[in-house]
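Undergrad: I would like the atomic coordinates for the input below:
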Amino acid sequence: MIPINAPQIGQEEIKAVVKVLKSGVITHGLGAGPMVTEFEKAFTKFVKAKHAIAVNTGTAALHLAIAASDIKRRDEVILPSFTFVATGEVVAMTGAKPVFVDIDLETYNISPKKIEKAITKKTKAIMSVDLYGLPADMQPIREIADKHGLIIIEDAAQAHGASYKKKPPGAFADAACWSFYASKNMTTGEGGMVTTNNNELAEKMRFMRSHGEKEKYKSLMLGHNYHMPEIQAAIGCVQLRKLPKFSAKRRENARRLTAKLRKAKRLQLPKEPKSYKHSWYLYTIRLKGTKREKRDKIVGVLRQKGIGTEAYYATPIHLMPYYMKIGRYRLPETEKAAKQVLSLPVHPGVTAKQIDFIGETILYLIE
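TA: Sure, this is the predicted structure:
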């Protein structure tokens, strides 16, 4: 089986973990051990941000950014439904209401035109998502946020190495949230990061990461235990150094697969608009005019042939039972994408021969 994604772990990561274990320092009471601090500094440099706050999961990063932004019960947060559930989940965890809006069917990202129509007096923030590794259209989103006095939290969980208008994810947001889950472009096993240029927000998130403490046993505010362990940070330092090579391989695999599939009129291939740089976390195609059952059948056949294929996200958040209790939405573009998309492997472990096999198999199945 060619997995949809696979962590690229080598001897350097193993040595880094052993070094931490031998040091005896495997965590820190305030979440800021030596390896975590090193990882944060390296990540700020990579994404050109002033601050980075390492946490134990990407979901924790999202929740920390939401909670530190003073989003409270009965506030509203505008976000896409076509994403992993964590994006909406962290809003609901604060007691605020997730307000779902539709996507641009060409990019699968939140539509700026839909955002402004959804703003009310209760709106506090906008959460954009860089889906599949392609940044959202952040400049108009920033303009809308500034016009209405809103916060922007960018879910960059899939966008390591991406850029928008020559700037890394987070440049147009108040905070960007990253995931280092095992499947991501770089991994620490689990793990996450929040980056920001806002000094006050960064300080608050550092306190909240560790029970609201500025110093041990003196909580200044309500917080959580979102510490990143030293072992995870050590892996992250190595993975970050490897990320440019990982990204180049993903890009080459995506280019090769596009060349194979370009002539298939029934397929919408992934876009990389001018002034955007895709991270190619996932290579997602859309079977235009296809019903869900047909898409699902093709996914099943691809798996039988040894090609790890997934339909992200077959059930958008607004159609999940829990979120249907919060509000009912009609999002035609989101629902069309959910029925027609499927994602294919282009991670660094996929060979050129395997890419050709994937492309040829797709073409055979849709003819």
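Undergrad: for the host helix or strand of residue 322, name the packing helices and strands.
TA: Using DSSP states H and E, residue 322 sits in helix 321-324. Helix 321-324 sits against helix 86-93, with contacts defined as 3 or more Cβ pairs under 8 Å, 6 or more residues apart in numbering; DSSP states H and E. Any C-beta I mention is one placed from the backbone N, CA and C, and that applies to glycine too.
Undergrad: can I get the helix it packs on in CSV, CA atoms only?
TA: What follows is helix 86-93, C-alpha atoms only, in CSV (Å, rounded to 0.1, in the frame of the first residue of the first chain):
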residue,chain,number,x,y,z
ALA,A,86,-11.0,20.6,15.3
THR,A,87,-11.4,24.0,13.7
GLY,A,88,-15.1,24.2,14.7
GLU,A,89,-14.6,22.2,17.9
VAL,A,90,-12.3,24.7,19.6
VAL,A,91,-14.9,27.4,19.0
ALA,A,92,-17.6,25.3,20.6
MET,A,93,-15.3,24.5,23.5
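Undergrad: and it, what's its mean pLDDT?
TA: For helix 86-93, mean pLDDT rounds to 98.
Undergrad: buried sites along that helix?
TA: Under the neighbour-count criterion of 16 or more other Cβ atoms under 10 Å, helix 86-93 has 86-92 buried.
Undergrad: kindly report the same for stretch 245-262.
TA: Result for stretch 245-262 [16+ other Cβ under 10 Å]: buried residues 246-247, 249-254, 256-258, 260-261.
Undergrad: those strands in the stretch 201-350 of the chain, which residues are they?
TA: Applying DSSP state E, counting those that start in this stretch to the stretch 201-350 of the chain gives strands spanning 213-215, 218-219, 267-268, 276-277, 283-287, 341-344.
Undergrad: count of neighbours near residue 244?
TA: Residue 244 has 11 neighbouring residues, counting by other Cβ atoms under 10 Å.
Undergrad: if I read this right, it contacts residue 161, doesn't it?
TA: Yes - look at residue 244 against residue 161 with Cβ atoms under 8 Å: they come within range, at 7.2 Å.
Undergrad: what lies in contact with the helix holding residue 322?
TA: 88, 92, 98, 100, 317-318 (Cβ atoms under 8 Å, 6 or more residues apart in numbering).
Undergrad: need the pLDDT of residue 346.
TA: So, for residue 346, pLDDT stands at 98.
Undergrad: make 245 the first number, not 1, from now on.
TA: Taking 245 as the first residue, the last one we looked at is residue 590.
Undergrad: looking at the strands of the stretch 445-594 of the chain, which is nearest to residue 549?
TA: Distance to residue 549, taken as Cβ to Cβ, is lowest for strand 585-588 among these, at 12.0 Å.
Undergrad: next SSE downstream of that closest one?
TA: Immediately after strand 585-588, counting by DSSP H and E, sits helix 596-610.
Undergrad: for that following helix, give the mean pLDDT please.
TA: 97.
Undergrad: quick one, helices of the protein?
TA: 255-267, 278-291, 302-312, 330-337, 356-362, 382-392, 443-453, 474-505, 536-548, 565-568, 576-584, 596-610 (DSSP state H).
Undergrad: any idea which of the ones you listed is most buried?
TA: Per-stretch averages of neighbours, counted by mean count of other Cβ atoms under 10 Å, single out helix 302-312 among the helices of the chain, with a mean of 26.
Undergrad: just the angle for that helix relative to helix 330-337, thanks.
TA: Interaxial angle, helix 302-312 versus helix 330-337 (axes from the mean of the first three to the mean of the last three Cα atoms, to 10 degrees): 40 degrees.
Undergrad: name the helices or strands packed onto helix 302-312?
TA: strand 295-299, helix 330-337, strand 395-399, strand 419-423, strand 436-440, helix 443-453.
Undergrad: let's go with 7 Å and repeat that
TA: Contact analysis of helix 302-312 by 3 or more Cβ pairs under 7 Å, 6 or more residues apart in numbering; DSSP states H and E lists helix 330-337, strand 395-399, strand 419-423, strand 436-440, helix 443-453 as its packing neighbours.
Undergrad: any chance of the ones you listed in CSV, with distance to residue 264 too?
TA: Shown next, in CSV, are these (distance: least, Cβ to Cβ, whole Å):
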stretch, distance to residue 264
helix 330-337, 28
strand 395-399, 29
strand 419-423, 21
strand 436-440, 18
helix 443-453, 20
